[in-house]
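J.: Sequence and predicted model, in that order:
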Amino acid sequence: MMSPSESNSGGGGGDLTPLQSALRSWSSFNLTDRRPHLDNTAQSLLDAKETSLKARKQLGELTKNLKRAVKVAENDISKESLNSLSLEVKGTVKRYQEEIDSLTRRCKSAEGSFVQLYHSLHECPDPALLLAEALRFIEGRDGQLNNLLTAAEELNSEIEAVRDEKERLEVDLEECRRELNEATKKNKDGGG
């Protein structure tokens, strides 16, 4: 199926107006079909943000536990407290590393989605400029339409004046015919 821009262009690529070019670009970009993917990406980002907030709270708790274990180890330098501290440190570091990995994946996903969208949008003309041109075009057409309407009103006035003149001339012609008939009748009656 041919798009409106293709049907108006006459088949040539060089004779497109900027509005037709914008229509072709935006049709090719197909924002409507991209919206579900963008919606899914946005939802994934929101979900990841919520997960990240929960993980930060858990890391906060782990950090508090680690600090407590350090204090216990400072006060009680037994092998058992050092083992406990070692387990707390390992667990906390592991959770920090997992959160860093999760944030890195989230960041890469957001950056990838942005770059993909950016590259697609980068090829499309700025709709604001084209809309401004369309507005100027429409305003120009409105001015032409107003001029044509004024000219049509003037022509209608002239036509009405010509009709009035025609009616007046028809009345005058009928009056002349009547007078001519009366004069002809008088001449026949009086002269013959």
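T.: Right, received. Where do you want to start?
J.: in this structure, which helix has the most residues?
T.: Counting residues, the longest helix found in the chain (DSSP state H) is helix 127-191.
J.: contacting residues for the most centrally placed residue in the chain?
T.: For the chain, the residue nearest the mean C-alpha position is Pro127 (7.3 Å; Cα atoms, centre = their mean). Applying Cβ atoms under 8 Å, 6 or more residues apart in numbering to Pro127 gives the contacts 22, 26. For glycine as for every other residue, the C-beta is placed from the backbone atoms N, C-alpha and C.
J.: Off-centre distance for the longest helix of the chain?
T.: A distance of 47 Å separates the C-alpha centroid of helix 127-191 from that of its chain, computed with Cα atoms, centre = their mean, to the nearest Å.
J.: same thing with stretch 77-87?
T.: Offset of stretch 77-87 from its chain centre (Cα atoms, centre = their mean): 63 Å.
J.: Likewise for stretch 22-31?
T.: 11 Å.
J.: Which parts of it count as buried, going by neighbours?
T.: 22-25 (16 or more other Cβ atoms under 10 Å).
J.: Redo those residues as TSV? Include pLDDT and secondary structure.
T.: Formatted as TSV, these follow (pLDDT from 0 to 100; DSSP: H, G, I helix; E, B strand; the rest coil):
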residue	pLDDT	secondary structure
Ala22	77	helix
Leu23	75	helix
Arg24	75	helix
Ser25	78	helix
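J.: In JSON lines: the residues you listed, plus distance to Tyr96.
T.: JSON lines is the format used below for the buried residues of stretch 22-31 (distance: Cβ to Cβ, whole Å):
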{"residue": "Ala22", "distance to Tyr96": "49"}
{"residue": "Leu23", "distance to Tyr96": "52"}
{"residue": "Arg24", "distance to Tyr96": "51"}
{"residue": "Ser25", "distance to Tyr96": "46"}
